[in-house]
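**Student:** Fold the following and give me the result.
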Amino acid sequence: MTLIAPAYVEKNLVRRDWVDLRDQEYIPNLSILRQAVSLDPRLLVKDGESKMKIPAFGTRNQGETGRCVGYALANLIDLQLGLQFLRGAGKSKKKTEQIRNIVSADMLYCMAFFHDTYPELDDRQLPQGEGVHTLRSVIKGFYHHGVCPDWPENSQPSHEHFWQSSSYCIPFVEKPFRFPSVDQAKKAREIGLGAYFRVAPILNHFHAALNDAEAILVSANVHHGWLNAGPENGGVIEWPPSKGVIGTHAFTLVGYDELGFHVLNSWGKNWGGYKGIGGVALWKYEDWARHIVDSWVLRLGVRAPTAFDLSIGEKGIRGMIGKVQTGSTPCFELMGHYIHLDDGMHVRTGSYPSDEKGWPKTRQYLSDCLAGKKSKEKKYDGILIWISGSLEGIKPSFAAAARRKNMIKAARLYPYSVFWCNSFAENSLETLTGLFDIYKDQVGDDSEQLDALIENRIRGIGRAFWRDFKLSAYRAVWGEREHSCHHKTGSPPQGYIGQFLADLIRLRKETGCQIHLVAEAAGAQVVNEMLALLDTHEQLDGSDQKRVKSIPPQEIFDTLHLIHPSIDVAKAEKRLLPLIAAMNKGVSGHEKTKLPKEPATVFPLIKTNKAPRARIYIPTKELEQRVHFAYYGKSIQHLVSRSFAQRQPGLAESKPFLGMAELADKDDFPARTALHLLTGISAQKHAFDHVSQIALNNDTVIENHILETIGKFSDQKNFK
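**Tutor:** Numbers count the residues shown, from 1 in each chain. This is a model prediction of the structure:
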């Protein structure tokens, strides 16, 4: 008689992990191995119904949901949490109660969806249906999102931080693309991944890993023998089986003996029964050798939710030699603090997914935090919007946003980051720098001709790159409408940043909160489109959608900071520079500031009678001459200005960009009181050292200056 229906396996469709040479493999140490390893007896309790022992954290049953990767990892996490508690609790009477606080298998599964890409699939498309996952995807989902507790009852959870797994929901309703709520995300920070390593399919490695970590996350091809492993046959998986392989399944190994490995499964307590333990079966070594697919060993991090980004690193996926550092920043470091777009659309896969419900949740939260009439009653005084430059990949931009989050909060401002084109820019710049290598091989990396050769040869692809970049900024604000038609329509904005801006205006009207805006590099293109939106559309009142009189942008933003803005001056003259003039009305001065002695600092070009609300940050001439972009001997601002923005070579000198040092020498530049100069970066050992474009983008000197400036402004405004 078949104990388990074949549908348990047939719907799983677990795939093999793809090849990645960056994986760090588990290496056994030289400690003496035990002859047998099994579940710690303190983790077992008597089950009154089956009369067998079962794990104290319960025996999961995934049903026919196909979510085995989430259930397998949940079992492993619960096992390690139970062991952590037992070894630190002494003779506590609350052992069993504590161990039964299990984690949500469904949250682990849902977070895996965002990482479930595969080389032969289009990684822009979300996988459809149940169970199309690799072990790598569920591990990365856990790394980036953590996991919150489960609610193991078929009833409404008692608190918002619980995430009820599908096996307790009757009837089961598939919700694969669900994001955690604010409460769930905060609770999930308490349980995080410490390290993970890939285990080679070598018997000794498996034995050593079970001695070290006491559990292994595994996927394998399973056959009909698995379906019949019940107490009546001693919980042994039949080998050889009567029928062949029926699918691929994920589960957890929790021990071994002279016959094979001990499998902790997610098929309920009536499956298995090996050595009297419900949910655990024996997987013979020959079967293992024939059918093993992938395996990983994990270690949980120490519970330190306030220092999560410091307590873990992506050590299982990013092997490295040299200075030890953490890997990519976990996603929930910025949960509720960002929007991630590409070509105007939400990025729904990868490490940092985003969707339409993200900002409304944050907005609802901010309505309460900003609602107090007195300063002491409010958690925040306003919002700081930071628009990334998108000249590098999402990981460094995300890490920078996470790094400054707490500094912004210290100024009683809510940090919100806008990532609008990082994925496209990352791929495009890789293509450009690859071409640089070809040109370098042609004339040499020290040749005076190399810069001219790059500017000339790369013009065609560069123009296309720059057009797409500006189009992405447009679509982020306006949506998919034709570029030439946006000024003719009177309809509300369709782009997500346009909707976000309209909602910010309503929030300011309702609460009187401060709004500070920072834009890096090409982020100035997004700001320009936001100003165009304010120029051409009447704004909508939130509740009844009535049109109201437009608010001048200088009354919307309390401060504006443009860091090395990548926008040509001619384009900025239409909207950006008039806004800066309006925000800095009454700011005057003519005498130039003396060059400070500090090697890496920011100083105003002009001594002014009062601090300007709007500022433009540019490098000094000396610093700009030392900036290089890969083999190109100048900054990317120069490359765009001299090559990408030119239709044909040699027709005329390009107009300067707003982020170039030459503006400091133009006495007729209308925003001279806004200019602030950067003398160097903190990583320079000597003033004459060359500076890479990436090092300049990642430097914190301007960032710290901006946060200090906004903090002073916020204090003065609150004081008044």
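**Student:** Every contact and neighbour count from this point should use C-alpha atoms.
**Tutor:** OK.
**Student:** Any chance you could spot the residue sitting in the middle of this protein?
**Tutor:** In the chain, the residue lying closest to the centroid (Cα atoms, centre = their mean) is residue 352, at 3.0 Å.
**Student:** ok, now how distant is the nearest residue to that one once chain neighbours are set aside from residue 243?
**Tutor:** Of all residues not flanking residue 352 in the chain, residue 331 sits nearest, at 5.7 Å (Cα to Cα, 6 or more residues apart in numbering). In this view, residue 331 and residue 243 are 44 Å apart by Cα to Cα, to the nearest Å.
**Student:** Could you report the neighbour count for the residue nearest to residue 352?
**Tutor:** By other Cα atoms under 10 Å, the residues close to residue 331 number 22.
**Student:** list the contacts for it?
**Tutor:** Contacts for residue 331 (Cα atoms under 8 Å, 6 or more residues apart in numbering) come out as 144, 145, 351, 352.
**Student:** and what of residue 435?
**Tutor:** residue 458.
**Student:** now the helix or strand where it lies: mean pLDDT?
**Tutor:** Counting by DSSP states H and E, the element that carries residue 435 is helix 422-443. Mean pLDDT, computed over helix 422-443, is 79.
**Student:** Could you pull up the residues touching residue 3?
**Tutor:** 227, 228, 229, 230, 271.
**Student:** Show me which of those are buried.
**Tutor:** Using 16 or more other Cα atoms under 10 Å as the burial test, the contacts of residue 3 include 227, 228, 229, 230, 271 as buried.
**Student:** wait, isn't the second one in contact with residue 241?
**Tutor:** Right, residue 228. No: here residue 228 lies out of contact with residue 241, judged by Cα atoms under 8 Å, at a distance of 9.9 Å.
**Student:** one step back: on the three-state scheme, the residue nearest to the centre of the chain is what?
**Tutor:** Assigned with DSSP: H, G, I helix; E, B strand; the rest coil, residue 352 falls in the coil class.
**Student:** Please look at it and residue 339 and confirm they touch.
**Tutor:** No: using Cα under 8 Å as the test, residue 352 is too far from residue 339 to be in contact (9.2 Å).
**Student:** Please, where are all the strands along the stretch 151-300 of the chain?
**Tutor:** Taking DSSP state E, counting those that start in this stretch, the strands of the stretch 151-300 of the chain run over residues 193-198, 216-223, 245-256, 260-264, 280-284, 292-300.
**Student:** Give me whichever of those is most buried.
**Tutor:** For the strands of the stretch 151-300 of the chain, the largest average neighbour count (mean count of other Cα atoms under 10 Å) is found in strand 280-284, namely a mean of 26.
**Student:** I'd like to know which elements that strand is packed against.
**Tutor:** strand 260-264 (3 or more Cα pairs under 8 Å, 6 or more residues apart in numbering; DSSP states H and E).
**Student:** quick one: the strand it packs on to chain centroid distance?
**Tutor:** Its chain's C-alpha centre and that of strand 260-264 lie 35 Å apart, by Cα atoms, centre = their mean, to the nearest Å.
**Student:** do the same with stretch 233-247
**Tutor:** From the chain centre to the centre of stretch 233-247 is a distance of 42 Å (Cα atoms, centre = their mean).
**Student:** so what sits against both of residue 352 and residue 339?
**Tutor:** Common neighbours of residue 352 and residue 339, using Cα under 8 Å, 6+ apart, do not exist here.
**Student:** which intervals of the stretch 51-200 of the chain have sub-threshold pLDDT?
**Tutor:** Within the stretch 51-200 of the chain, the ranges that satisfy pLDDT under 70 run 89-100, 118-132, 170-177.
**Student:** same question, the stretch 451-600 of the chain
**Tutor:** Residues of the stretch 451-600 of the chain meeting the criterion pLDDT under 70: 481-493, 537-550.
**Student:** show me where it has strands.
**Tutor:** Going by DSSP E, counting those that start in this stretch, the stretch 451-600 of the chain shows strands at 514-520, 539-540, 547-548, 559-563.
**Student:** ok, back up a step: by neighbours, which of the contacts of residue 331 wins?
**Tutor:** Result: residue 145 is most packed of those (other Cα under 10 Å), 29 neighbours.
**Student:** returning to what we had before: tabulate the contacts of residue 3 in a markdown table, adding columns for pLDDT.
**Tutor:** Formatted as a markdown table, the contacts of residue 3 follow (pLDDT from 0 to 100):
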| residue | pLDDT |
| --- | --- |
| 227 | 93 |
| 228 | 90 |
| 229 | 94 |
| 230 | 92 |
| 271 | 95 |
